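> I'll drop the sequence and a predicted model, then ask my questions.
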Amino acid sequence: MSATRKGLAVRLGGWSTRHRKTAIIGWLLFVVVVAVAGGMSGSREMTNSENGSGDSARAAKILEDAGLQTPAGEMVMLRSDRPDGWRDAARDLSARLERTGETARVQPPVRSESGREGLVSFEMKGDPDSAGKRVGPVVDAVQRTASAHRGVEVHEFGDATAQHLLDGMLSDDLKKAELTAVPLALGILLVVFGALIAALLPVLLGLTACVGTFGLLAFVSHQVPLFDSTNSVMFLVGLAVGVDYSLFYLRRERDERAAGRDAGTALRIAAATSGRAVLISGITVMLAMSGMFLSGLLLFKGFAVATILVVLMAMLGSVTVLPAMLSWLGDRIDAGRVPLRGRRRAKRGHAGGGVSGRLMRPVLARPKLFAAVSGALLLVLCAPALGMKTEQLGMEKQFGSDAAISVAYQEITGSFPGDPAPAEVVLRSDRIGSPRFDAAVADFRKELAASGEFGRTVQVATHRARKVARIEVPLAGDGGNATSRHALDTLREELVPRILGPVSDQVYVAGELAADRDFNDQLKAGIVPVFLFIATVTFLLMLLCFRSLPIAVVSILLNLLSVGAAFGTMTAVFQHGWGAELLGMEPAGAVESWMPLFVLVILFGLSMDYHVFVVSRIREAHERGLSTRDAIREGIRSTAGSVTGAAAIMVAVFAVFALLRMQDMQQMGIGLAVAVLVDATLVRMVLLPSVMALLGERNWYLPRALRWLPSVSHGEEPVERPRPPLVGAGR
């Protein structure tokens, strides 16, 4: 076969095996250089305006353009058994806060209606983005005050304390995920391959892909700023995909060797089959991830860049460095055999079967029954998603109700409604400081007080030189309930336009609740084009790769069922609380607002790993002359071990994230783990073969108008084999 007729995967694998040192050393040098250079360049996180949408983002942009930053606000509530019994502690606290040198604008305490509570509000000096790193002395001052006044109950909540807790939690959780996920993946691969070296190779390739991407992301962040959890998401996807791609490739090479092929032939067959499937799957995943660019939110653009880069790294490593390593190691890949497990695998060879073989007999014998039952089970899993509620989870929901900061938030909002999360009116005007402007602000204050929907502590800060003003307006309610939402509507739709609009060039209402609403509105507007894009891309790629209209349609439908199962599970556990206690988790009453779109894209991409791998083997068997039903049986049996191992690794990695403390990480981990488990078992091992069995030869139907599509072979590429020796030669 001429080189021009060989597929890309075969050419890449062939080059790598001929230039092993160049491929291996070049890969390691590239990873080290980009990781070090990226670390030296540093990374840039999104600003408030870049992370938001709508009016709240426009308000943040006005402040940023004016060189103003919303200071990190803090508040401390003091409670006593009798009215005003907290006042001595409040005076002591104010003095201690002043002495830290980290605070500004320490306000006189506000008295609650009962008189038993007092609220001391203040701001942190300096850059609000780094306030969490400087809040330590303030926290110490609050604790010393509590110790000095035993009869007074003290609660602190604010931007700096939440940031401090969040930064520490993210750092600790990411280390925990890394230290747990890697050994889990290695243990599963030991079971799959029965040999230490064979198990280590995919893990090392997955880790190097992640390390290299960390460096690349640091460079990219200067053009596309990143969210603080983007690296965690990248590691989650990168380790799972990197290990899976290597597993598919390595498993096929091992199977061919067990079938009696020589080392070179086994590598060429693995490149022509699993290598091609890895390329198809990787390209499909990257194109699916690119759909996030259509969301209209910078958060998802960062996720898109991170996941595309790590999938690209994993894919390239699997089709270049992996064959080079396999060529160099040869039979040493089986070094470090696990007792019993290694011998069982050697005896079994590549025949497959086992549980999957026994399962295929009833599935293919009664495909209608199994299609109906598995489809019904999936629809049951999807059902809770019909009532899904999304919101940007506040700190108190992210950390759990038992966390000290969550308790403080609840206590403060209970005694001082609206104070922890006020709305913020930001305006730009040439009239700031004029009598007309001052009169408008005074009228605004009167209207707020008369409406009964707002708190008493309205604060106005004007910056005449910068032509910007900022007004903090406490909302009635708890900052997120129906009462608070109605107050926000009154502010946005009535009071601000009528009173402040005539004296402003630009005026917007921001704040935590407003930002949450704006973000959700943009998500709802963006999810439709994102879904249409990835569905269209997946459909076209499956049509091109398999030259089959039914398979392309089935691919979309099966992916939707997997995504629906993830949505249903997240809604059931984290919104309704079904099984949350059993899992040791606390329901938040809602799903994190960015989670549905993210999970949709990730699962649409990752589901293609198994789908392409399984359907390629079925098509390969069919091209060898087997009937569709026999091809399904062989394809499922021959891929069952790899798919089970790959799914087990993905489920294990995702489950690690489900055990972290952050609510959004738990939701992502549970949703993805359940979806991958369902996808690799119920969908690919039951529903897919039963549907294909029902379709029969119609699986391969291609309309006459599309027969111009190029034909893609799914079987072994012809390889040159050494001529057998003459009988008796050498004797």
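Great, that's in hand.
> so which strand or helix has the nearest residue to Glu592 once chain neighbours are set aside?
Spatially, and ignoring its direct neighbours in sequence, Glu592 is nearest to Asp664 (4.3 Å; C-beta to C-beta, 6 or more residues apart in numbering). (Each C-beta comes from the backbone N, C-alpha and C, glycine too.) Counting by DSSP states H and E, the element that carries Asp664 is helix 663-678.
> buried residues, that helix. List them.
Applying a neighbour-count criterion of 16 or more other C-beta atoms under 10 Å, one finds 663-678 buried in helix 663-678.
> any idea which element Ala510 lies in?
Going by DSSP H and E, Ala510 is in strand 506-511.
> so what does that strand touch, helix or strand wise?
With contacts defined as 3 or more C-beta pairs under 8 Å, 6 or more residues apart in numbering; DSSP states H and E, strand 506-511 has these neighbours: helix 54-65, strand 423-428.
> angle of the shortest one against helix 54-65?
Relative orientation of strand 423-428 and helix 54-65, computed by axes from the mean of the first three to the mean of the last three C-alpha atoms, to 10 degrees: 60 degrees.
> for this structure, just list every one of the strands.
With DSSP state E, the ranges of strands along the chain come out as 73-79, 103-104, 110-111, 117-124, 153-158, 390-391, 423-428, 459-463, 468-473, 506-511, 591-592.
> closest to Phe219 out of the ones you listed?
strand 591-592 (28.3 Å; C-beta to C-beta).
> for Gln223, which residues are in contact?
When contacts are counted by C-beta atoms under 8 Å, 6 or more residues apart in numbering, Gln223 touches no other residue.
> what about it, distance to Met692?
Gln223 sits 44 Å away from Met692, going by C-beta to C-beta, to the nearest Å.
> do Asp430 as well
As it turns out, when the distance is counted by C-beta to C-beta, Asp430 lies 70 Å from Met692.
> between the two, which has more neighbouring residues?
More crowded of Asp430 and Met692, by other C-beta atoms under 10 Å: Met692, with 26 against 12.
> show me the contacts for the more buried one.
If you count contacts by C-beta under 8 Å, 6+ apart, Met692 has them with 554, 618, 628, 632, 699.
> what's the answer for Phe214, then?
Phe214 sits next to 35, 38-39, 231, 234 when contact means C-beta under 8 Å, 6+ apart.
> ditto for Ser229
Here Ser229 is in contact with 170, 664-665 (C-beta under 8 Å, 6+ apart).
> now those as JSON lines including pLDDT and distance to Leu29?
Putting these into JSON lines (pLDDT from 0 to 100; distance: C-beta to C-beta, whole Å) gives the following:
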{"residue": "Leu170", "pLDDT": "70", "distance to Leu29": "31"}
{"residue": "Asp664", "pLDDT": "84", "distance to Leu29": "36"}
{"residue": "Met665", "pLDDT": "83", "distance to Leu29": "33"}
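> sketch out the low-pLDDT regions of this structure for me.
1-6, 339-357, 418-420, 711-731 (pLDDT under 70).
> go ahead and flag the most central residue of it.
In the chain, the C-alpha closest to the average C-alpha coordinate belongs to Val233, at a distance of 4.5 Å (C-alpha atoms, centre = their mean).
> now do that residue against Ala705, distance only.
Distance check for Val233 against Ala705: by C-beta to C-beta, it reads 41 Å.
> which among the contacts of Ser229 gets closest to Val241?
Met665 (18.5 Å).
> name the nearest residue to the closest one, ignoring sequence neighbours.
Skipping the residues right next to it in sequence, Met665 comes nearest to Phe657 by C-beta to C-beta, 6+ apart, at 5.1 Å.
> need the contact list for Met595.
Met595 makes contacts with 390, 570, 664, 667-668, 671, as judged by C-beta under 8 Å, 6+ apart.
> one step back: I'd like the distance from the helix holding Asp664 to the chain centre, please.
Relative to the chain's own centre, helix 663-678 is displaced by 10 Å; criterion: C-alpha atoms, centre = their mean, to the nearest Å.
> re earlier: and of the strands of the chain, who's closest to Ala335?
Smallest distance to Ala335 across the strands of the chain (C-beta to C-beta): 44.8 Å, for strand 591-592.
> each with direction, which strands does the closest one pair with?
The pairing partners recorded for strand 591-592 under DSSP bridges are strand 390-391 (parallel).
> give me the contacts around the strand it pairs with.
480, 516, 520, 523, 590-593, 595-596.
> if you rank these by neighbours, which is first?
For the contacts of strand 390-391, neighbours were counted by other C-beta under 10 Å; the highest total belongs to Val591, with 25 neighbours.
> who's in contact with it?
388-391, 570-571, 574-575, 667.
> repeat for Arg144
By C-beta under 8 Å, 6+ apart, Arg144 lies in contact with Arg96.
> same deal with Ile405?
Shown in contact with Ile405 (C-beta under 8 Å, 6+ apart): 157, 161-162, 165, 395-396, 399.
> then Leu379?
Residues in contact with Leu379, defined by C-beta under 8 Å, 6+ apart, are 561, 564.
> buried residues of stretch 534-544, list them for me.
Neighbour-count burial for stretch 534-544 flags 534-535, 537-538, 541-543 (criterion: 16+ other C-beta under 10 Å).
> just stretch 25-44 next, same as before
Neighbour-count burial for stretch 25-44 [16+ other C-beta under 10 Å]: 27, 31, 34-35, 38, 43.
> export these to JSON lines and tack on distance to Arg361?
What follows is the buried residues of stretch 25-44, written out as JSON lines (distance: C-beta to C-beta, whole Å):
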{"residue": "Trp27", "distance to Arg361": "44"}
{"residue": "Val31", "distance to Arg361": "46"}
{"residue": "Val34", "distance to Arg361": "50"}
{"residue": "Ala35", "distance to Arg361": "50"}
{"residue": "Gly38", "distance to Arg361": "53"}
{"residue": "Ser43", "distance to Arg361": "54"}
